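**Q** Structure of the sequence below:
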Amino acid sequence: MMTILPEVSPATYFALLALTIYLLLGWHFCRSRLASSRPKRLLSPALELVLLASGLVLHALALFPPLLWSSNLHFGAAEALSLSAFSTLCIYLCGQLFWKMDGLQPPMLGIAAIFLFISQLLPIGHSITYPLSLLSRGHFLLAMFAHGMLLNAAGVAILMRFADRTLHKAQAGSLIRTLPPLMTLERLMFACVGLGFILLTLALLSGIFFAEQVFGHGLVFSHKIILSIAAWLVFGTLLLGRWKNGWRGRFAANWTLFGFALLFLGYIGSRFVLEALLHRPF
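**A** Model prediction:
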């Protein structure tokens, strides 16, 4: 008896192609940067960037059309993870324009591939019930790009902590030894924090207008809003301390991780538990 395979959307094909490119590039970077024998590179630096840009284009084709143009919008943990993976690699590409980022490719590609893979296993997000408009779409895209940017800041902060702890020790792993200098990691972290803070500010402001337009009242101070505002205050204080008092190093990395933990608990963590584990709408 013939079995009928479930229909697979074009977005899924695009996502799987992007995942394949990320995995192949990750293998290539581990082989050419981390292996002790350091074999000859299979790809030139220019071809590496072209392949990564191709993966990002495929990823964007899988991610954005349903978010921007679908009349029946779904958004949940799967979409949030996919968007975080996309922003991770966009930050790497943009960072290459200003700093030497060699050594960050394996962890960034690894994080992006894991997030994208998990996003394909999770159920599709819940259907958005409020009226869709340019303001509503813009609000949650701002919010999710802010989360993605600050997630990257937290990832770089973790790498800074590991590098600071093991760089001058004999047992420092090959990944730590190939990372960019701590100063470069710190600049990248603050660039992510600064842009993430701007996006989070715009998301909170647009949320006020969005709530007024759709529900006829101001923001309701749910746990998500309270923790998001607390995270906004933490990141704002960190940037102010950097500007006025020169905060940096381990202290700045710890503030970044604390701020992101608040943001994660308020939104992505709650969404993942409710939708992926409890199968309840957020």
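**Q** Could you list the alpha-carbon positions for the strand or helix carrying residue 111 in CSV?
**A** Using DSSP states H and E, residue 111 sits within helix 105-121. Output in CSV follows, covering the C-alpha atoms of helix 105-121 (Å, rounded to 0.1, in the frame of the first residue of the first chain):
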residue,chain,number,x,y,z
GLN,A,105,33.5,31.0,13.1
PRO,A,106,33.3,27.5,14.8
PRO,A,107,31.3,28.6,17.9
MET,A,108,29.0,31.0,15.9
LEU,A,109,28.3,28.4,13.2
GLY,A,110,27.8,25.8,15.9
ILE,A,111,25.3,27.9,17.8
ALA,A,112,23.5,28.9,14.6
ALA,A,113,23.3,25.3,13.3
ILE,A,114,22.0,24.0,16.7
PHE,A,115,19.3,26.7,16.9
LEU,A,116,18.2,26.2,13.3
PHE,A,117,18.1,22.4,13.8
ILE,A,118,16.0,22.6,16.9
SER,A,119,13.7,25.1,15.3
GLN,A,120,12.9,22.5,12.6
LEU,A,121,12.0,19.9,15.3
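**Q** which residues of this protein score low on pLDDT?
**A** Where the chain drops to pLDDT under 70, the residues are 1-8, 33-41, 70-71, 73-74, 125-133, 135, 167-177, 210-222, 267-282.
**Q** again, only using 80
**A** Scanning the chain for pLDDT under 80 picks out 1-9, 31-45, 66-77, 96-103, 123-141, 163-181, 207-225, 266-282.
**Q** Next, count neighbours for the closest residue to residue 92 other than its chain neighbours.
**A** In space, and not counting its chain neighbours, residue 92 is closest to residue 108: 5.0 Å by C-beta to C-beta, 6 or more residues apart in numbering. (Glycine included, C-beta is placed from N, CA and C.) Residues lying near residue 108 (other C-beta atoms under 10 Å) number 25.
**Q** From what I see, residue 108 and residue 90 are in contact.
**A** No. Residue 108 is beyond contact range of residue 90, at 10.3 Å (criterion: C-beta atoms under 8 Å).
**Q** list the residues that contact both of the two?
**A** Counting by C-beta atoms under 8 Å, 6 or more residues apart in numbering, residue 108 and residue 90 have no common neighbour.
**Q** Buried residues in the helix holding residue 111, which are they?
**A** For helix 105-121, a neighbour-count test (16 or more other C-beta atoms under 10 Å) marks 105-113, 115-119 as buried.
**Q** what residues are up against residue 145?
**A** For residue 145, the contact set (C-beta under 8 Å, 6+ apart) comprises 83, 87, 199.
**Q** contacting residues for the last one?
**A** Residue 199 makes contact with 142-143, 145-146, 149 under the criterion C-beta under 8 Å, 6+ apart.
**Q** rerun that using 7 Å as the cut-off
**A** Contacts for residue 199 (C-beta atoms under 7 Å, 6 or more residues apart in numbering) come out as 142, 145-146, 149.
**Q** give me phi/psi at the residue nearest to it when sequence neighbours are not counted?
**A** Counting by C-beta to C-beta, 6+ apart, residue 199 lies nearest to residue 146, which is 3.7 Å off, once chain neighbours are set aside. Dihedral pair for residue 146: phi -60, psi -40, per degrees, to the nearest 10.
**Q** likewise residue 49?
**A** The phi/psi pair for residue 49 (degrees, to the nearest 10) is phi -70, psi -40.
**Q** Tell me how far stretch 226-246 lies from the chain's centre.
**A** Stretch 226-246 has its C-alpha centroid displaced from the chain centroid by 20 Å (C-alpha atoms, centre = their mean, to the nearest Å).
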